[in-house]
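**Q** Sequence and predicted structure are below.
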Protein chains: 4
Amino acid sequence: MTDESPKRKIWVGFDLGGTKMLAVVFDDKLKVLGKKRRKTRGSEGEQVALERLAETIVMALQEAQVSPDEISGIGAGVPGPLDLGKGVILEAPNLGWKSVGLQEFLSKRFKCPAVICNDVDAGVFGEYSSGAAQGARCVLGVFPGTGIGGGCVYEGRIFRGTRSSCMEVGFLQMATEGPAAGVGPPGTLEGLASRLAISAEAAKAVFRGQAPHLKEMAGTDISKIRSSMLAKSIDMGDKVIEQIVRRAAEQVGRGIGSLINILAPDVVILGGGLVEAMPRLYLDGVREGIKRNVLPSLADCAKLKVSELGDLAAAVGAAAWVKQEADARAAKS
Amino acid sequence: MTDESPKRKIWVGFDLGGTKMLAVVFDDKLKVLGKKRRKTRGSEGEQVALERLAETIVMALQEAQVSPDEISGIGAGVPGPLDLGKGVILEAPNLGWKSVGLQEFLSKRFKCPAVICNDVDAGVFGEYSSGAAQGARCVLGVFPGTGIGGGCVYEGRIFRGTRSSCMEVGFLQMATEGPAAGVGPPGTLEGLASRLAISAEAAKAVFRGQAPHLKEMAGTDISKIRSSMLAKSIDMGDKVIEQIVRRAAEQVGRGIGSLINILAPDVVILGGGLVEAMPRLYLDGVREGIKRNVLPSLADCAKLKVSELGDLAAAVGAAAWVKQEADARAAKS
Amino acid sequence: MTDESPKRKIWVGFDLGGTKMLAVVFDDKLKVLGKKRRKTRGSEGEQVALERLAETIVMALQEAQVSPDEISGIGAGVPGPLDLGKGVILEAPNLGWKSVGLQEFLSKRFKCPAVICNDVDAGVFGEYSSGAAQGARCVLGVFPGTGIGGGCVYEGRIFRGTRSSCMEVGFLQMATEGPAAGVGPPGTLEGLASRLAISAEAAKAVFRGQAPHLKEMAGTDISKIRSSMLAKSIDMGDKVIEQIVRRAAEQVGRGIGSLINILAPDVVILGGGLVEAMPRLYLDGVREGIKRNVLPSLADCAKLKVSELGDLAAAVGAAAWVKQEADARAAKS
Amino acid sequence: MTDESPKRKIWVGFDLGGTKMLAVVFDDKLKVLGKKRRKTRGSEGEQVALERLAETIVMALQEAQVSPDEISGIGAGVPGPLDLGKGVILEAPNLGWKSVGLQEFLSKRFKCPAVICNDVDAGVFGEYSSGAAQGARCVLGVFPGTGIGGGCVYEGRIFRGTRSSCMEVGFLQMATEGPAAGVGPPGTLEGLASRLAISAEAAKAVFRGQAPHLKEMAGTDISKIRSSMLAKSIDMGDKVIEQIVRRAAEQVGRGIGSLINILAPDVVILGGGLVEAMPRLYLDGVREGIKRNVLPSLADCAKLKVSELGDLAAAVGAAAWVKQEADARAAKS
């Protein structure tokens, strides 16, 4: 007698970060069955890193008690400019990678459909499929961190360019002067308001003797001034730091206001370390900034929400994305 | 014996402007069969204007030698904030209208499906369906005029908000200072670079004695300084006017650069009176501005083109849109 | 018996404007004895204009019942770049003049010492010697009009360059974007906040239908929108015009705030048509702008005052200046 | 027989810095006879510091082989808001001082006339009396450092406020957005272009991996990124750092351009650590910035020069100032 129970469907979501990687195994309802987080070690060369990546998936499968041949698809959220058509990471400066065919590697190694997408897009899709933006027709996600990432899910699909991802919210032009981001002209939102911009302003305040609590915690080294410390120093009374964070949040709000005028999203999701560390202060600033820029006729269309999935968002979204693509393909055939 | 020839399909596109209205009759391949243009006379009251609008369609049908009962659908491109779900013009300041159920009116009067959409969206859809952007996966249209309108066609459909149209390109925030547009804060693209902004700068130059040719043609009255005069005065040697137009075009380019970073369109269409009057100067300025703001990885994704359909664009697009919607509905059933 | 009464001292102040000229005859206490105002007619050639200028002085002398040979000195406040060393008007664009040796002309014609100075400097010196800034150690005068003029009296003397006048307050750089003034880059105070800039913004508001009262009075022609009309339309309820004037005044305040940080004046004098037409609104705006920019340690040094001498200021100041120069020379010898 | 040789005149110049103090002894021709430099130790209390200050003068006198009773006057250049009338340091944040009557202290202790002045003013007066600006009618000095100091010598005297010093060049408003300086609104010259602003931008570039040489020398700690390291990293090829310094220098140039329009100086002196470390790059940037903002009619009035006296400037200037004041008093009596 043959086994007639249908093969269960397993999806893997992978989140490839500059310092850490995360593999998560899901059932067909996107319930987490197991996961594994490890250091990325991108600098040891692509081949080493790819092997390490595959190992991490295998470890997550083991934790989930799932056999590799049960996988229906793997979705991977990855940083850097991508060729989405070919499934290739064109460049990942944090990892020192160039032209890595990750999609094909995963597909061949695990003998299943694989798909790569931008990690921020994956996170927004995660919030759309199982987080703070479920059911929204149009979601804009904004994630202020070292840079300022953005993504959009429009009518159930990731909004993207023909070959590449887009929604580079950090590269909206907000002013004609001001600090530069790493790329492009002065006056971009990222130059004005990223975590790096905030840390630099905060370090100057420390240097001038205006932020005694932050001085004790972090000094004037911008790489040591993290979101959690900014939050703590504000709690302890560093008023100047509070102003710096609020001004940056207002700038992000100005940018979101511009984008509401463009995209008219139903939901705007805010996430990332700064938002998590200081949700009230940050959202107040963002709301103020939106108010400055949004058109009256569009002012009420978008709800502002904080992301719900935290650091699982990209893995959840990547898995949900590969599942949706596979389901759509199945429905057509 | 019954007539077995299938009923031919006729589509009507309507463009409702502040001063003029245009009805165009198309066959199923969107070939023009007839058209009629008349003054809008919006100020005589909605009921009068709606009758006049219906009459105009009837006149166009007569010219096309088509009977009203042959119409398969009417699409209307209209200005102002709309409720797309209900097909209602919420407000059309140029016409003095509030809450006009145009979609239902057209549908009942002509006993056929009707659809309204934003006039700029209609124009971009027209360029997508039969103009300069045919076949593009993502088209951004930008139309600098008295204001600066924008629209986007994404994967074959008009990009829109849940209830309303969006792509308010004129209300991107580009600076924190500078002249205001009619609505919202200083520093919007419309405040910096609309035809009205250009005319005001030009009038100042005339007042200062820096633009002798424009002085003779138009003086210092901003309502008399039209695109064609700006073009002529530049041709005759008013260098300051050339700089003013170029600077405005660069600002529009900066805005488009920001939007390429957001939307990664394949094609950017520029249209409107300023562009038509000075295509070379204007496109040079726009290109310069884009270069200042676009991310290197997205710099090459978008082709910059001038609109091809001119003042037929909105009517063509509205007809193409109602046809596509009807065909899609037919395919599903 | 010889006449032993000392010759009485008579001083003449002259104000040469683009449209009008004014000669005023003073006694040694700078009391007005007579005056004459006439149209300038600069465009009829320098020779004609110089004759007309001399005639005007003669007419004022007649009104004052003073003989030309009683004049102790003539001071003339004149527009445009000057060579103060040689007493030459290098260029007066409003008059169409180039290289006019006005000082020598006056001196020869009336056989007395003559001196020319910048007309705005003259006005500030007038306020210092007999107006709102008497006794101040350092006075800054700011006169927002078609342009924005400035002057400074420092420790009893006009602050000036080696050969030329200076205090070009209108050409402070306040921003990197925004409308240009006639000369120089965008973002100067004059570009942002002159009467011309205000008129252009107001004309746009009229065009957009936001300023019905101004529309009726002046329409959209910027050369017809004068300070008095702006004031009247605000009184009648054109809120947008009020905002436009207030924003411009705030920009002037930002500039003055910068200059207080530089010059630490005891008194800041505001004058000109805009200030006279709307003193309360304008000063409120200026105060707000100063507050934004002035250093705490210098915030209280300067009193803000409105000019007291009105359109006599430049003539009074020019006469006071030639008298002071002559007295100083006499004291040395 | 009595000694008939006239008592020789000795002047002392003192430069009180946040970390170091310097006493210099001069003969009547302002030739250096001796000097002494020591740590300030301001934090040990005012009384201790004043004693230390007096000791330092005594040590310099010993080196110069001069007896204290030979001193004709002491001039001291000091930081912070001063009451020049009373000779009181109102506040010296770097030293933790408030209301210190330094002038009276020096005068009583050394039984001679004493005068205090702002240290930047002293430096500019030094350059005027024996450095790069000798004989100039109007000198503007600009010293970009942690902040951006400025001073002006006008017709042979320090330009000052009634009670306080002024020429706060760092607090010119250049933009409406951008990083804040420690005091006041965003967009000041100091916020945009001080050494602190440069270091923060440079630290960000290091963090992003764009400045490998600076990374090795200084890392991401803004208090470790000094002018000399910026210069070295540029020499070694850190292009981004070169751009950052050049942009800051251009902003300083924009500010100087504005001030040329206001003051029409004959000479502009640039000094301080940044300028000394990178004179060519820095002056190129400044020239570029001036060109952007200066009025054509004033473009040629001012020569741009580098300071010649280096870290002796303030002591030289303070001595020259007290000597000039004493000589003037003597001439009057």
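**A** Arrived safely. Numbering: from 1, shown residues only, chains lettered A, B, ... in the order given.
**Q** drop to CA atoms for contacts and neighbour counts, all remaining ones
**A** Fine.
**Q** What count of nearby residues applies to the closest residue in space to residue A:245 that isn't next to it in sequence?
**A** By the measure of Cα to Cα, 6 or more residues apart in numbering or on different chains, the closest residue to residue A:245 outside its immediate chain neighbours is residue A:198, 6.5 Å from it. Using other Cα atoms under 10 Å in any protein chain shown, residue A:198 has 29 neighbouring residues.
**Q** quick check: mean pLDDT across the strand or helix carrying residue A:198?
**A** Secondary-structure assignment from DSSP states H and E places residue A:198 in helix A:195-207. For helix A:195-207, the mean pLDDT works out to 95.
**Q** In terms of secondary structure, what does it contact?
**A** Here helix A:195-207 touches helix A:212-218, helix A:239-263, helix D:195-207, going by 3 or more Cα pairs under 8 Å, 6 or more residues apart in numbering or on different chains; DSSP states H and E.
**Q** make it 10 Å
**A** helix A:189-193, helix A:212-218, helix A:227-236, helix A:239-263, helix A:273-277, helix D:195-207 (3 or more Cα pairs under 10 Å, 6 or more residues apart in numbering or on different chains; DSSP states H and E).
**Q** Figure out which of those is closest to residue C:67.
**A** helix D:195-207 (64.7 Å; Cα to Cα).
**Q** and that closest one with helix A:195-207, angle?
**A** Orientation of helix D:195-207 against helix A:195-207 (axes from the mean of the first three to the mean of the last three Cα atoms, to 10 degrees) gives an angle of 140 degrees.
**Q** could you give the angle of helix D:195-207 to helix D:239-263?
**A** Using the same axes, to 10 degrees: helix D:195-207 against helix D:239-263 is 160 degrees.
**Q** Relative to the whole chain's centre, how far out is helix D:195-207?
**A** Put simply, helix D:195-207 sits 23 Å off its chain's centre (Cα atoms, centre = their mean, to the nearest Å).
**Q** Give me whichever of the helices and strands packed on helix A:195-207 is most buried.
**A** helix A:189-193 (a mean of 30; mean count of other Cα atoms under 10 Å in any protein chain shown).
**Q** So what's the gap between it and the chain middle?
**A** 17 Å.
**Q** and that helix, anywhere near chain C?
**A** No: taking Cα under 10 Å from any Cα of the partner chain as the criterion, helix A:189-193 and chain C are apart, separated by no less than 15.8 Å.
**Q** what packs against that helix?
**A** strand A:138-144, strand A:148-154, helix A:195-207, helix A:239-263.
**Q** Swap in 7 Å and give it another go.
**A** Under the contact definition 3 or more Cα pairs under 7 Å, 6 or more residues apart in numbering or on different chains; DSSP states H and E, helix A:189-193 sits against helix A:239-263.
**Q** by how many degrees do the helix it packs on and strand B:148-154 diverge?
**A** Using the same axes, to 10 degrees: helix A:239-263 against strand B:148-154 is 70 degrees.
**Q** which other residues reach helix A:239-263?
**A** Applying Cα atoms under 7 Å, 6 or more residues apart in numbering or on different chains, the contact partners of helix A:239-263 are A:172, A:189, A:192-193, A:198, A:201-202, A:210-211, A:230, A:234, A:281-282, A:285-290, A:292-295, A:298, B:161, B:166-169, B:171-173.
**Q** how far does the helix or strand just after it sit from the chain's center?
**A** Downstream of helix A:239-263, the first helix or strand assigned by DSSP H and E is strand A:267-270. Centroid displacement of strand A:267-270 relative to its chain, using Cα atoms, centre = their mean, is 12 Å.
**Q** quick one: the residue nearest to residue A:245 from chain C, how far?
**A** Applying Cα to the nearest Cα, to the nearest Å, the value for residue A:198 to chain C is 22 Å.
**Q** Show the backbone phi and psi for the spatially most central residue of chain A.
**A** In chain A, the C-alpha nearest the mean C-alpha coordinate belongs to residue A:120, at 3.2 Å (Cα atoms, centre = their mean). Backbone torsions for residue A:120, taken as degrees, to the nearest 10, come to phi -70, psi -40.
**Q** how about residue A:321, what does it touch?
**A** Counted by Cα under 7 Å, 6+ apart, residue A:321 has contacts residue A:75.
**Q** Return the alpha-carbon coordinates of the helix or strand harbouring it using CSV.
**A** Assigned by DSSP H and E, residue A:321 belongs to helix A:313-332. The C-alpha coordinates for helix A:313-332 follow below in CSV (Å, rounded to 0.1, in the frame of the first residue of the first chain):
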residue,chain,number,x,y,z
ALA,A,313,11.1,40.1,9.2
ALA,A,314,13.4,39.5,6.2
ALA,A,315,13.5,35.7,6.7
VAL,A,316,9.7,35.5,7.0
GLY,A,317,9.3,37.8,4.0
ALA,A,318,11.7,35.9,1.8
ALA,A,319,9.9,32.6,2.6
ALA,A,320,6.5,34.2,2.0
TRP,A,321,7.8,35.6,-1.3
VAL,A,322,9.1,32.3,-2.7
LYS,A,323,6.0,30.5,-1.6
GLN,A,324,3.8,33.1,-3.3
GLU,A,325,5.8,33.0,-6.5
ALA,A,326,5.7,29.2,-6.5
ASP,A,327,1.9,29.1,-5.8
ALA,A,328,1.3,31.6,-8.6
ARG,A,329,3.3,29.5,-11.0
ALA,A,330,1.4,26.4,-9.9
ALA,A,331,-1.9,28.2,-10.4
LYS,A,332,-1.0,29.1,-14.0
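**Q** Can you list the buried residues in that helix?
**A** Buried residues in helix A:313-332, counted by 16 or more other Cα atoms under 10 Å in any protein chain shown: A:313-323, A:325-326.
**Q** helix/strand/coil for residue A:76?
**A** strand (DSSP: H, G, I helix; E, B strand; the rest coil).
**Q** wait, it sits on residue A:15?
**A** Yes: counting by Cα atoms under 7 Å, residue A:76 does reach residue A:15; the two are 5.9 Å apart.
**Q** Among these two, which residue is more densely surrounded?
**A** residue A:15 (33 against 30).
**Q** quick one: the more buried one and residue A:78 touch, right?
**A** Yes: in this structure, residue A:15 is within contact of residue A:78 by Cα under 7 Å, at 6.4 Å.
**Q** Inside helices: which ones of the contacts of helix A:239-263?
**A** Among the contacts of helix A:239-263, the members falling in helices (DSSP state H) are A:189, A:192-193, A:198, A:201-202, A:230, A:234, A:281-282, A:285-290, A:292-293.
**Q** rewinding a little: what's the closest of the helices and strands packed on helix A:195-207 to residue D:26?
**A** Among the helices and strands packed on helix A:195-207, helix D:195-207 sits nearest to residue D:26 (Cα to Cα), with 32.4 Å.
**Q** Any chance you could give me that closest one in PDB, C-alpha atoms only?
**A** Taking Å, rounded to 0.1, in the frame of the first residue of the first chain, the C-alpha atoms of helix D:195-207 are listed here in PDB:
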ATOM      1  CA  ARG D 195      37.100  71.300  12.100                       C
ATOM      2  CA  LEU D 196      34.600  69.500  14.300                       C
ATOM      3  CA  ALA D 197      32.200  69.300  11.300                       C
ATOM      4  CA  ILE D 198      34.900  68.000   9.100                       C
ATOM      5  CA  SER D 199      36.100  65.400  11.600                       C
ATOM      6  CA  ALA D 200      32.500  64.100  11.900                       C
ATOM      7  CA  GLU D 201      32.100  63.800   8.200                       C
ATOM      8  CA  ALA D 202      35.600  62.200   8.000                       C
ATOM      9  CA  ALA D 203      34.600  59.700  10.700                       C
ATOM     10  CA  LYS D 204      31.600  58.700   8.800                       C
ATOM     11  CA  ALA D 205      33.700  58.200   5.700                       C
ATOM     12  CA  VAL D 206      36.000  56.000   7.700                       C
ATOM     13  CA  PHE D 207      33.000  54.000   9.100                       C
END
